[in-house]
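1. Need coordinates for the following:
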Amino acid sequence: MNTPRVQPGIMEIAPYVGGASAVDGAKRTIKLSSNESALGPSRLASAAYGNLAEQLHRYPDGDCTELRQAIAKTFSLDAAGIVCGAGSDEIISLLCQAYAGPGDEVLYSEHGFLMYPISAKAVGATPVTAPETELTTDVDALLGAVTDKTRILFVANPNNPTGTYIPASELQRLRNGLRDDVLLVIDAAYAEYVSREDYGDGAALVEAHDNVVMTRTFSKIYGLGGMRLGWGYMSTNIAEVLHRVRGPFNVSAAAQAAGTAAVRDKTFTANVRAHNDKWLPWTRGKLIGLGLRVTDSVGNFLLVCFQNRPDHGAEAADAFLRGEGIIVRRMAGYGLPDCLRITIGTRGEMESVVECMSRFLGRNS
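-> Model (predicted):
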């Protein structure tokens, strides 16, 4: 029996599996598996979303004009170089559609975002990984892995799931070591959380070079994961290319309205950042005090590493936490089978995580 032919390589793609949202039979659920904002969305963003209730029959602005202008004003960027999408993962996919294909290679670090290889394989390109050093992007390893087939290099900074970052000087060194025909994509989904003085989100590199793109998202600090909204900053030449391959109305009116209000609500964003600045180091310190290895994350999450033993390992810890209604993220799919990623939640949620982890480790000591 004949059936429609699937393009080569598509069935080799392992579908992306997001963080779980519920535990069967649990009296309470604390969801810390998807790096969502601990404080939810801005009230102004929620109000802007609600105000569209009587306009649902209208198509959205295909150019995202007001949203792009709001982003540009907030971050001092050129609105002409901003392209919006249904999450930053759409921007990633569009870049692969436009700049990679069969016979090409798409390069990224070994514990990078899983949408990089998925997007590469979807267009027939070959994903290639470069090793990290101490769970941190290694610029020399990336440059050493570049071949004449390399077309795109993705670097998440800060990286998810490790939470580590490389300074602006290292990003510059990475760009300096690339050919001009290799597209460098800096995934800065967690940039708003970073306060380190040597950090750079990549915008300056975009403005200095024609082969650099920075991607951002509204799913993290802005708390709009349900809206599916992200954006990229790039040269107008690259923007023109993406406008040719994206859908004509790829960002809903609701997402545009909520995103515009969210990016303008600087007070709320500052409050979210302040909350993370307090509870990220608090949680990390408590977990280290329990004898666990925890990365020095600059995002809104921690990567917690366990001993490779059945009674002390990540799988056992995950099962114990789920028994308490706490959902975190296993990292085996990222090549880190002995690690869990824990999102920073509310004060009460983080206190519960520490208390439950203490009981787990005490039970198995």
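
2. From now on I want contacts and neighbour counts done on CA atoms only, so please keep to that.
-> Noted.

3. partners of the residue nearest to Thr150 when sequence neighbours are not counted in the sheet?
-> Distances taken as C-alpha to C-alpha, 6 or more residues apart in numbering put Glu105 closest to Thr150, at 4.5 Å, once the chain neighbours are dropped. Residues in a beta bridge with Glu105, per DSSP bridges, are Thr126, Thr150.

4. quick one, domains of this protein?
-> Listed by automatic domain parsing, the domain ranges of the chain are 18-41+267-363, 43-265.

5. quick one: which of the ones you listed is nearest Met11?
-> Comparison of the domains of the chain against Met11 by C-alpha to C-alpha identifies domain 43-265 as nearest, at 9.4 Å.

6. I'd say Ser252 and Pro60 touch.
-> Yes - using C-alpha atoms under 8 Å, Ser252 makes contact with Pro60 at a distance of 5.8 Å.

7. just to revisit the earlier point, residue contacts, the residue nearest to Thr150?
-> Contacts for Glu105 (C-alpha atoms under 8 Å, 6 or more residues apart in numbering) come out as 120, 125-128, 149-152.

8. One more: Gly259?
-> 45, 67, 218, 224, 229.

9. List the buried residues in stretch 212-232.
-> 212-225, 227-232 (16 or more other C-alpha atoms under 10 Å).

10. quick one on the thing from earlier: select, from the contacts of Glu105, the two members most distant in space.
-> Between any two of the contacts of Glu105 (C-alpha to C-alpha), the greatest distance is 13.1 Å, for Ala120 and Lys149.

11. about what we covered before: of all the domains of the chain, which one is nearest Ile10?
-> Short answer: domain 43-265, nearest of these by C-alpha to C-alpha, at 5.9 Å.

12. need the longest helix for the protein.
-> If you go by DSSP state H, the chain has its longest helix at helix 266-289.

13. Assign a three-state SS to Leu302, would you?
-> strand (DSSP: H, G, I helix; E, B strand; the rest coil).

14. Dig out what it forms beta bridges with.
-> Ile342.

15. Count the neighbours of it for me.
-> 28 (other C-alpha atoms under 10 Å).

16. So for Tyr16, what's the pLDDT?
-> Model confidence at Tyr16, given as pLDDT, is 69.

17. and the spatially closest residue to Leu178 that is not a sequence neighbour, what helix or strand is that in?
-> Here the nearest residue to Leu178 in space, its sequence neighbours aside, is Leu143; by C-alpha to C-alpha, 6+ apart that works out to 7.2 Å. Here Leu143, judged by DSSP states H and E, is contained in helix 139-145.

18. Quick one: residues in contact with that helix.
-> 107-109, 129-132, 170-171, 173-174, 177-178.

19. For ChimeraX, write a command that selects the buried ones of these.
-> The buried residues among the contacts of helix 139-145 can be selected in ChimeraX (16+ other C-alpha under 10 Å) with this line:
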select :107,108,109,129,130,131,132,170,171,174,178
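
20. Among the contacts of helix 139-145, name the ones in helices.
-> 170-171, 173-174.

21. Let me have those in TSV, extended by distance to Cys305.
-> Formatted as TSV, the ones in helices among the contacts of helix 139-145 follow (distance: C-alpha to C-alpha, whole Å):
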residue	distance to Cys305
Glu170	26
Leu171	27
Arg173	30
Leu174	29
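
22. where does the stretch 1-150 of the chain dip in pLDDT?
-> 1, 16, 18-26 (pLDDT under 70).

23. Which two of the contacts of Gly259 have the greatest separation?
-> Longest span within the contacts of Gly259, C-alpha to C-alpha: Leu67 and Leu224, 14.1 Å.

24. and the gap between the spatially closest residue to Ala314 that is not a sequence neighbour and Gly313?
-> Nearest-residue entry for Ala314: Asp338, 5.0 Å, with adjacent residues in sequence omitted and distances by C-alpha to C-alpha, 6+ apart. Going from Asp338 to Gly313 by C-alpha to C-alpha, to the nearest Å gives 6 Å.

25. what's the pLDDT at His312?
-> 83.

26. State the number of residues packed around it.
-> Neighbours around His312, by other C-alpha under 10 Å: 17.

27. From Leu292, how far out is it?
-> 10 Å.

28. so what's in contact with those two at the same time?
-> Contacts common to His312 and Leu292, judged by C-alpha under 8 Å, 6+ apart, are Phe306.

29. Quick check: closest non-adjacent residue to the residue nearest the centre of the chain.
-> Centroid check for the chain by C-alpha atoms, centre = their mean gives Ala189 as the closest residue, at 4.7 Å. Once flanking residues are discounted, Ala189 sits nearest to Arg216: 4.7 Å by C-alpha to C-alpha, 6+ apart.

30. Pretty sure the one you found sits against Val185.
-> No - using C-alpha under 8 Å, Arg216 is not in contact with Val185; the gap is 10.9 Å.

31. Not counting sequence-adjacent ones, nearest residue to Thr283?
-> Per C-alpha to C-alpha, 6+ apart, closest to Thr283 is Met350, 6.6 Å.

32. On the three-state scheme, the one you found is what?
-> helix.

33. how about it, what does it touch?
-> Counted by C-alpha under 8 Å, 6+ apart, Met350 has contacts 279, 283, 344.
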